[in-house]
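J.: Got a predicted structure plus its sequence, pasted below:
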Amino acid sequence: MVKSKKVDNLLLRAENVKIYFDQRGNGKNVVKAVDGISIDIMRNEIFGIVGESGCGKSTFGRGLINLLPLTEGTVYIDDKDTTQLSKEEMKDMRKRMQIIFQDPSACLNPRRKVKEILMEPFKIHGIHDKDVINDRIIELMELVGLAKYHLNRYPHELSGGQKQRIGIARALALEPEFIVCDEAVSALDVSVQAQVLNLLSDLKEKLGLTYFFISHNLNVVYQISDRVGVMYLGKMVEVAPYNSLYNKRYHPYTEALLSAIPQVDKDEQKQRIILKGEVPSPTNPPPGCSFHTRCPKKFSKCVTEIPLLLEVEKDHFVACHLYDSFHEIHNR
Amino acid sequence: MIRSIIKLMKSNYLFTLGCFICLCWILAAIFADFIAPYGPITQDLSIRLNSPSLEHLFGTDNFGRDIFSRVIYGGRYSLLAGCVTVLLAGTIGSIYGAIAGYLGGVVDDIMMRLSEMILSFPSLILAMCINAALGSSLFNTMFALVIVAWPTYARLMRSVVLTVKENEYVEAARALGASKWRVLITEIIPNSVGSVLIMATTDLGNQILMFSTLSFLGLGSAPPTPEWGMMVSDGVNYFNKFWVAGFPGLAILTMAVGSNFIGDGLRDLMDPKLRKEF
């Protein structure tokens, strides 16, 4: 975020990350999936990220752990620039960052038994001692709440929740510190969602993990995150601690998005803000603030000037011209 | 592995039948000297074009040769040519296609254009040219057939790999730090070979016919070598004597069907999802 600021306990810092997809390879029709995002992620925190589908959440998550090449910008993990690592160093770095996928049935190789799937990470990293691997696999299975006999099953013989647990176990196999949860519970039904969410937060406490938690389900992100980032069209529009965001949303988009959370209590159901129009195409984002085409509060500056992500309250960052003056006051 | 094949045989009768048919033909070809009642090229013009009888089970052809004996001996050439061609073309083609599809981009473009160069010629003409250039022999004919056949496998494999590589388990393997080749070998190829296997087994009959076409044109094996395809094409001249072309044709048919059953069974064996069902 703000470069000069000294942060303790920093695990990952993304600086001006851009991920573009050049569809034709000729420089036209470039999809700007992620367009200049900078964030810091602290050790042992859950950083939730929300946004509509297609806003670049997953792409950004994959970029953070180097599964997609960055077009521009850098990602530091413990001050190490992950974009500059050699092949060997990268392989080592992979142990420290893992990913949990959205679709539990697509993330496990259908031809292999659970046991073989869980052995793979060790084999990749040159651990061939069978006893060591077996002990570790059984430990992992216990950790994610599965029984030993599941090891001899094929993925299609397991339920969605069980498959997702295997996916989690595989991600944990190499004792990572940082895990990208890419819609990790979206494909599960609600009761199983709760179980897996609880499992994830237990594991975080037990193993001191850090999550980058991607979801389009606002309730899920709200329930689990310490800090929440809101993305729109490849840009971060608001970043704030959970409490702060719960009390006050600054960005008009965040307001609209969070007003869409269904509430059980009728009194709590606030006026829903309904946005007009469609999300503009990421191949050709509008000039100035990318939200101005749909923003109910836009004014002339929004069309011409790109707003920066600025601190308007302690630890609460917003990219909106409405609050330019707040930032000055805050920093005074 | 052997145990699961036996299990498969017990539950999948078509697979068992396929194994039985193919095994019969292979054994017949190996032990032709003991099984065949007459020599494959023994002629007796006094009994030419006789219909099937107890003496000549499949009848006799226009030179009075015993068709049953010729079919038994013919397996030696036809099976060898068919199986070797399919095996080589399938292996080369699917590895080539898998690499092209997996690496993508420029590599894919170059590799596929190369294979399309071969596909752009009529396959029979190309096989003839290669064969003619190298000289006619059993080995050269098989070589020509492999050259003509592999691009089809490459294209099929590539298209399957293109879809398989988008799966999240491939990304998971990459996230774990697996190298490109490891991902290809452990994740992508095992999930892609099913359709190639099916194609290979149906292609077997095809290749036997291709081989016989070449033989008919004077390349490959020359008469009087007993060879199924060539016997069929000889029989075409005697339209009202069904046995001349009919029995060798039946041999090709049973072999093709049998190998197809085996291929079906093997695909089920490799796919745990289908394995459950039988």
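T.: Sure, I can see it.
J.: what's near enough to touch residue B:183?
T.: Residue B:183 is in contact with B:102, B:170, B:173, B:174, counting by CB atoms under 8 Å, 6 or more residues apart in numbering or on different chains. To be clear about C-beta, it is placed using only N, CA and C from the backbone, and glycine gets the same treatment.
J.: If we check chain A, which of the residues you listed are in contact?
T.: Within the set of the contacts of residue B:183, contact with chain A (CB under 8 Å from any CB of the partner chain) is found for B:173, B:174.
J.: of the contacts of residue B:183, closest to residue A:295?
T.: Set against residue A:295, the nearest of these by CB to CB is residue B:174 (38.8 Å).
J.: Quick one: name the residues of chain A near chain B.
T.: Listed as neighbours of chain B in chain A under the rule CB under 8 Å from any CB: A:62, A:65, A:67, A:90-92, A:94-95, A:97-99, A:101-103, A:106-111, A:120-121, A:124-125, A:154, A:156-157, A:167, A:170, A:173-174.
J.: Only the buried subset of these, as a PyMOL command please.
T.: PyMOL command restricting these to the buried ones, with burial defined by 16 or more other CB atoms under 10 Å in any protein chain shown:
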select buried, chain A and resi 62+65+67+91+94+95+97+98+99+101+102+103+106+107+108+109+110+111+120+121+124+125+154+167+170+173+174
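J.: Helices - which of the residues of chain A next to chain B land there?
T.: Of the positions in these, A:62, A:90, A:91, A:92, A:94, A:120, A:121, A:124, A:167, A:170 sit in helices, assigned by DSSP state H.
J.: of those, closest to residue B:42?
T.: residue A:120 (61.4 Å).
J.: my read: that closest one touches residue B:177, true?
T.: No: contact criterion CB atoms under 8 Å: residue A:120 and residue B:177 do not qualify, at 10.3 Å.
J.: so which helix or strand takes in residue 194?
T.: In the absence of a named chain, chain A is used. Per DSSP states H and E, residue A:194 falls inside helix A:190-207.
J.: oops, chain B please
T.: Element membership for residue B:194, per DSSP H and E: helix B:189-216.
J.: which ones are touching residue A:167?
T.: Counting by CB under 8 Å, 6+ apart, residue A:167 touches A:100, A:101, A:104, A:107, A:108, B:172.
J.: nope, residue B:255 is what I was after
T.: With contact set as CB under 8 Å, 6+ apart, residue B:255 has these partners: B:21, B:22, B:25, B:78, B:79, B:82, B:204, B:205, B:208.
J.: With residue A:322 instead?
T.: By CB under 8 Å, 6+ apart, the contact list for residue A:322 reads A:250, A:252, A:297.
J.: Could you count how many residues lie near the first one?
T.: The one in question is residue A:250. By the criterion of other CB atoms under 10 Å in any protein chain shown, residue A:250 has 22 neighbours.
J.: likewise the last one?
T.: The number of residues packed around residue A:297, counting by other CB under 10 Å, is 13.
J.: repeat for the one 3 residues further on
T.: Here the number of neighbours of residue A:300 (other CB under 10 Å) works out to 10.
J.: With residue A:208 instead?
T.: Burial of residue A:208 is recorded as 10 neighbouring residues (other CB under 10 Å).
J.: what's the spacing between it and residue A:48?
T.: As judged by CB to CB, to the nearest Å, residue A:208 and residue A:48 stand 18 Å apart.
J.: Might you calculate how far stretch B:169-187 sits from the centre of the chain?
T.: Chain-centre distance of stretch B:169-187: 32 Å, with CA atoms, centre = their mean, to the nearest Å.
J.: Name the residues of that stretch that are buried.
T.: Within stretch B:169-187, the residues scored as buried using 16+ other CB under 10 Å are B:169-178, B:182-184, B:186-187.
J.: got the phi/psi numbers for residue A:314?
T.: Phi and psi for residue A:314, reported as degrees, to the nearest 10, are phi -60, psi 120.
J.: Do a quick rundown of the strands in chain A.
T.: A:10-22, A:30-42, A:46-50, A:72-77, A:80-81, A:97-100, A:178-182, A:210-214, A:227-232, A:235-241, A:310-313, A:316-318 (DSSP state E).
J.: and among those strands, the most buried is which?
T.: Of these, the one with the most neighbours on average (mean count of other CB atoms under 10 Å in any protein chain shown) is strand A:97-100, at a mean of 27.
J.: you'd agree residue A:48 is up against residue A:225?
T.: Yes: because the distance of 3.0 Å satisfies CB under 8 Å, residue A:48 is recorded as touching residue A:225.
J.: Give the residues shared as contacts by the two.
T.: What both residue A:48 and residue A:225 touch, as defined by CB under 8 Å, 6+ apart, is the set A:213, A:242.
J.: Where does the stretch 201-332 of chain A get nearest to chain B, residue-wise?
T.: Using CB to the nearest CB, the single residue of the stretch 201-332 of chain A nearest to chain B is residue A:212, 13.1 Å away.
J.: How about the residue nearest to the spatial centre of chain B, nearest residue that isn't a chain neighbour?
T.: Nearest to the mean C-alpha position of chain B, counting by CA atoms, centre = their mean, stands residue B:204 at 2.0 Å. Excluding its sequence neighbours, the residue lying closest to residue B:204 (CB to CB, 6 or more residues apart in numbering or on different chains) is residue B:259, at 4.6 Å.
J.: In three-state terms, label the one you found for me.
T.: helix (DSSP: H, G, I helix; E, B strand; the rest coil).
J.: gap between it and residue B:233?
T.: Separation of residue B:259 from residue B:233 (CB to CB) stands at 22 Å.
J.: returning to that earlier point: any of the contacts of residue B:255 buried? List them.
T.: Buried among the contacts of residue B:255 by 16+ other CB under 10 Å: B:21, B:22, B:25, B:78, B:79, B:82, B:204, B:205, B:208.
J.: Reformat the ones in helices among the residues of chain A next to chain B as a markdown table; add pLDDT.
T.: Listed next are those as a markdown table, based on pLDDT from 0 to 100:
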| residue | pLDDT |
| --- | --- |
| A:62 | 92 |
| A:90 | 90 |
| A:91 | 90 |
| A:92 | 89 |
| A:94 | 91 |
| A:120 | 92 |
| A:121 | 93 |
| A:124 | 92 |
| A:167 | 92 |
| A:170 | 93 |
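J.: Not counting its own residues, what contacts stretch A:151-166?
T.: The contact list for stretch A:151-166, computed with CB under 8 Å, 6+ apart, reads A:100, A:104-105, A:107-110, A:112-115, A:117-118, A:137, A:141, A:144-146, A:150, A:184-185, A:187-189, A:192, A:195-196, A:199, B:272-273, B:276.
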